[in-house]
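> have a look at this fold, sequence not included:
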């Protein structure tokens, strides 16, 4: 919503500043699993956006909370390991298997190698539970749409005949954590995003109001086919302050 492959959305930083000036309390919720929270917050600040690390809610932080004290076989990008504090990372004898997201580089090939997926399958066969940071089918990059980790999650679900617990969007727990941090009720809160399924569908199911932006993952055909519609659709985050004033 704020950038695509590190390229900021025009007017995004000004929009965030205007929202703060208008008295809105903000929480940045992301399914990004290729950067630590500290690194991702720094990247967003480089776009000119005012942001404290604590305002950024990430799925690795959610995983650290949900899996605290457990032995976990984690198939994740190395960059997020620092956010998995309190989890014992193991290669076998796991209580849980955790799948992260894919990135644009060759690191994805190593993390989701056949050997690693087979190792994860073996742990699931031995009774480990399956968790994923998200189950996105694809994500938007400057080169176009690219496959995301949902592919690997679905494969392990099928092979092990189990169902993964989703820790990020669109899970209810993820939105509940955001509202707890904001100290607001769902009906008082707007979710703004570019993903009809994870952002709009998940937020609506939890009782939040929603605005869809026509940047990033937005696809007109997906909006038309969606069973859950947003309360509003705008061209980009740049237009959000004015839109909220009118609604």
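Okay, I see it. Note that the coordinates shown come from a computational prediction; the quantities given were computed from them, not determined experimentally.

> after the helix or strand of the chain with the lowest mean pLDDT, which helix or strand is next?
Every helix and strand in the chain was compared by mean pLDDT, DSSP states H and E; the lowest is helix 107-111, with a mean of 75. Per DSSP states H and E, the first helix or strand lying C-terminal to helix 107-111 is helix 114-125.

> list the buried residues in that next one.
116-117, 119-121, 123-124 (16 or more other Cβ atoms under 10 Å). For glycine as for every other residue, the C-beta is placed from the backbone atoms N, C-alpha and C.

> burial count for the residue lying closest to residue 189 once chain neighbours are set aside?
In space, and not counting its chain neighbours, residue 189 is closest to residue 208: 5.0 Å by Cβ to Cβ, 6 or more residues apart in numbering. Residue 208: 22 surrounding residues under other Cβ atoms under 10 Å.

> the one 3 residues further on now?
Residues near residue 211, counting by other Cβ under 10 Å, number 23.

> can I see the domain layout of the chain?
3-26+170-246, 60-166 (automatic domain parsing).

> I'd like those laid out as TSV, including distance to residue 42.
Output for the domains of the chain, formatted as TSV (distance: least, Cβ to Cβ, whole Å):
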stretch	distance to residue 42
domain 3-26+170-246	12
domain 60-166	12
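
> can you tell which of the ones you listed is closest to residue 53?
When these are compared by Cβ to Cβ, domain 60-166 sits nearest residue 53, at 10.3 Å.

> quick one: residue 147 and residue 103 touch, right?
No. Contact status for residue 147 versus residue 103: not in contact, 11.3 Å apart, counting by Cβ atoms under 8 Å.

> which one of the two is surrounded by more residues?
Neighbour comparison, residue 147 and residue 103: the larger count goes to residue 103, with 20 against 13 (by other Cβ under 10 Å).

> now do the contacts for that one.
Going by Cβ atoms under 8 Å, 6 or more residues apart in numbering, residue 103 touches 34, 77.

> and the pLDDT at it?
At residue 103, the pLDDT value in this model is 75.

> again with residue 129
98.

> that one against residue 98, yeah?
No. Under the criterion of Cβ under 8 Å, residue 129 makes no contact with residue 98, lying 9.5 Å away.

> those two: which is more packed in?
Neighbours of residue 129 and residue 98, each counted by other Cβ under 10 Å, are more numerous for residue 98; the result is 28 against 18.

> that one contacts residue 72, correct?
Yes. Applying Cβ under 8 Å, one finds residue 98 in contact with residue 72, separated by 5.3 Å.

> so for residue 49, which of the domains of the chain sits nearest?
Of those, the one closest to residue 49 (Cβ to Cβ) turns out to be domain 3-26+170-246, at 4.8 Å.
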